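the amino acid sequence is not available; the structure is as follows:
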Ligand SMILES: Cc1cc2nc3c(=O)[nH]c(=O)nc-3n(C[C@H](O)[C@H](O)[C@H](O)COP(=O)(O)OP(=O)(O)OC[C@H]3O[C@@H](n4cnc5c(N)ncnc54)[C@H](O)[C@@H]3O)c2cc1C
């Protein structure tokens, strides 16, 4: 027989937000059990470890985590320096994971969550039933854990969007998997040989795509037969490149400008609007059937890099009563704040337990997964989410509702060049940065410089203090 309040709180994922949740739970005297499918903390950051982020260290630390670390004699990295994904893992997540290590189960993958004795339809007494977490341990054995609450911080990195413009894989995409990379491959490092002197098609319009393109152009300096084709599914290039001219985030602006120069110098072939219709593997090359500006085209390439964003894995939540926005796949009340159809600047009001709640009591999706398909998530957002949710679980309802976050302004706004109408939904977040950055969105700055009110970037929550952007 269990005592409900003695049960642990299950946290799924030992990324920055899952570990921050563990730190807050420990601080509040609650017992976390963190499930992590990787062998160590920050498995998704390890995959993009070569990428330098836009946020300086000060925005990478969670407050509760920092307190635990400081008590342990940890030496804090320079808060003004921009770390890489690997540096975040090595210098922050691994030391933090050591401190809360007895609560973490590595190499364990959660595959489903339910309520003890209650399928999704059963209602009477549901709120009082503990959660059952079903997972496979490091030996592949199926196990279960009983928990009083669940924080799903499992991220979206391992669910990249497929290449199809309709959200589905195109015919042949899975068979060609060996020659396709999703995300930001390390083309200048570990994966250099895969890309050197080949013809590479990059699909996507965000900063991840720009980063991949620029890295390939860098690779071309040593391997001149490398050929780069950049395909945009919609005609969005104006926003990225135009933003580069005005962007107050110098690193992002630099990316945009470098891409623009590459296009103008002819060292990069740009295709837009472009949608892949099928892929056929021919030995070690790929034949890509596509529509370019309404015309059928066949491209022959050696590799494809797909940088078209990510989506949450909802399969494990099938037996829970969750309430998600139909488009963004984020908690319903959060969605209007982050919907990329509405928010070009990525300005996100502070939010916490209220916005993250589901009909399923004591269940929360936090971290990058809470943003569903929206690309604008920042770690600082996730830290405030878990602070608020953990306060609620600890019975401190007041603290849970005093949402303390002032988000750094995150956005690249729409910068529509004359004659090009569409704006991109790709945010700055999830994007790499070569140099130090500290500010906000380009269109807002432009509007303000013209004496107009702008789009809200740089604005401060009246009750809060503004901090520089990540
Ligand atoms: C290239 C890139 C650059 C970014 N730059 C910035 C930046 O400059 N500033 C910023 O604030 N944010 C940035 N972000 C966005 C965001 O902060 C990161 O994606 C961050 O890693 C999100 O943290 P998380 O803990 O929510 O998810 P993740 O870091 O993705 O962690 C999720 C964890 O859950 C584990 N997991 C998944 N499924 C399961 C399962 N079923 N069972 C058990 N474990 C599971 C995974 O292995 C993973 O370790 C960037 C993102 C990317 C991709």
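Thanks, I have it. This one's a predicted model, so the numbers in the text were calculated from it and none came from an experiment.

residue of the stretch 101-250 of the chain closest to the ligand, please.
Using C-beta to the nearest ligand atom, the closest approach of the stretch 101-250 of the chain to the ligand is made by residue 155 at 2.3 Å. Where C-beta positions appear, they are placed from N, C-alpha and C, glycine not excepted.

work out for me the element that residue sits within.
Counting by DSSP states H and E, no helix or strand carries residue 155.

now residue 95
helix 94-99.

the closest residue to residue 21 other than its chain neighbours and the ligand, how far apart?
Residue nearest to residue 21 in three dimensions, not counting chain neighbours: residue 386, with 4.1 Å by C-beta to C-beta, 6 or more residues apart in numbering. Residue 386 sits 9 Å away from the ligand, going by C-beta to the nearest ligand atom, to the nearest Å.

helices and strands around the helix or strand where residue 386 lies, which ones?
Taking DSSP H and E as the criterion, residue 386 maps to helix 379-393. Counting by 3 or more C-beta pairs under 8 Å, 6 or more residues apart in numbering; DSSP states H and E, the packing neighbours recorded for helix 379-393 are helix 16-27, helix 63-71, strand 149-152, helix 353-356, helix 397-401.

state the mean pLDDT of the host helix or strand of residue 110.
If you go by DSSP H and E, residue 110 is part of strand 109-115. Strand 109-115 carries an average pLDDT of 98.

does the ligand have contacts with that strand?
Yes. Strand 109-115 lies within reach of the ligand by C-beta under 6 Å from any ligand atom, at 109-110.

which residues touch that strand?
With contact meaning C-beta atoms under 8 Å, 6 or more residues apart in numbering, strand 109-115 is reached by 10, 12, 35, 37, 126, 129-136, 150, 152, 154, 315-320, 360, 363.

from these, list just the buried residues.
With burial judged by 16 or more other C-beta atoms under 10 Å, the buried subset of those is 10, 12, 35, 37, 126, 129-135, 150, 152, 154, 316-317, 319-320, 360, 363.

list the contacts of the one residue in the stretch 351-470 of the chain that gets nearest to the ligand.
In the stretch 351-470 of the chain, no residue comes nearer to the ligand than residue 367, which is 2.5 Å away by C-beta to the nearest ligand atom. Each residue near residue 367 by C-beta under 8 Å, 6+ apart is listed here: 13, 15-18, 153-155, 377, 382, 385-386.

let's have those in CSV, adding distance to residue 182.
Below are the contacts of residue 367 laid out as CSV (distance: C-beta to C-beta, whole Å):
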residue, distance to residue 182
13, 19
15, 18
16, 21
17, 21
18, 22
153, 21
154, 17
155, 14
377, 18
382, 22
385, 26
386, 27
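
about what we covered before: how many other residues sit next to the nearest residue to the residue of the stretch 351-470 of the chain closest to the ligand once chain neighbours are set aside?
Setting aside the residues directly before and after it, residue 367 is nearest to residue 17 in space (C-beta to C-beta, 6+ apart), at 3.2 Å. Number of residues near residue 17 (other C-beta atoms under 10 Å) recorded here: 27.

OK, contacts around residue 17?
Per C-beta under 8 Å, 6+ apart, neighbours of residue 17: 153, 155, 366-368, 379, 382-383, 385-386.

which two among the residues you listed are spaced furthest apart?
Put simply, by C-beta to C-beta the two of the contacts of residue 17 set farthest apart are 155 and 383, 14.4 Å from each other.

in stretch 67-76, what counts as buried?
68-69, 74.

make CSV out of these and add pLDDT and distance to residue 55.
Shown next, in CSV, are the buried residues of stretch 67-76 (pLDDT from 0 to 100; distance: C-beta to C-beta, whole Å):
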residue, pLDDT, distance to residue 55
68, 97, 20
69, 97, 18
74, 96, 19
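
ok, back up a step: tell me who's in contact with the residue lying closest to the residue of the stretch 101-250 of the chain closest to the ligand once chain neighbours are set aside.
Nearest non-adjacent residue to residue 155, counting by C-beta to C-beta, 6+ apart: residue 368, 4.9 Å away. By C-beta under 8 Å, 6+ apart, residue 368 lies in contact with 15, 17, 155-157, 310, 377, 382.

would you map the strands across the stretch 1-150 of the chain?
9-12, 32-35, 104-105, 109-115, 131-136, 142-147, 149-152 (DSSP state E, counting those that start in this stretch).

the fifth one: partners in the sheet, and parallel or antiparallel?
Strands adjacent to strand 131-136 in the sheet, as given by DSSP bridges, are strand 109-115 (antiparallel), strand 142-147 (antiparallel).

and if you look at the third one?
Looking at strand 104-105 with DSSP bridges, its paired strands and their directions are strand 32-35 (parallel).

can the partner strand be found next to the ligand?
Yes. For strand 32-35, a contact with the ligand is found by C-beta under 6 Å from any ligand atom, at residue 35.

the residue nearest to residue 21: neighbour count?
With other C-beta under 10 Å as criterion, residue 386 counts 29.

right, and it touches residue 370 too?
No. With contacts counted by C-beta atoms under 8 Å, residue 386 stays clear of residue 370, the gap being 10.0 Å.

which residues touch the residue of the stretch 1-150 of the chain found nearest the ligand?
As assessed by C-beta to the nearest ligand atom, the ligand sits closest to residue 15 within the stretch 1-150 of the chain, at 2.1 Å. Under the criterion of C-beta under 8 Å, 6+ apart, the contact partners of residue 15 comprise 41-45, 93, 153, 155, 367-368.

pLDDT added to the residues you listed, as TSV?
Listed next are the contacts of residue 15 as TSV, based on pLDDT from 0 to 100:
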residue	pLDDT
41	98
42	98
43	98
44	97
45	98
93	98
153	98
155	98
367	98
368	97
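
in CSV, list the residues you listed along with distance to residue 349.
As requested, the contacts of residue 15 are exported to CSV (distance: C-beta to C-beta, whole Å):
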residue, distance to residue 349
41, 30
42, 28
43, 30
44, 26
45, 27
93, 28
153, 21
155, 22
367, 18
368, 18
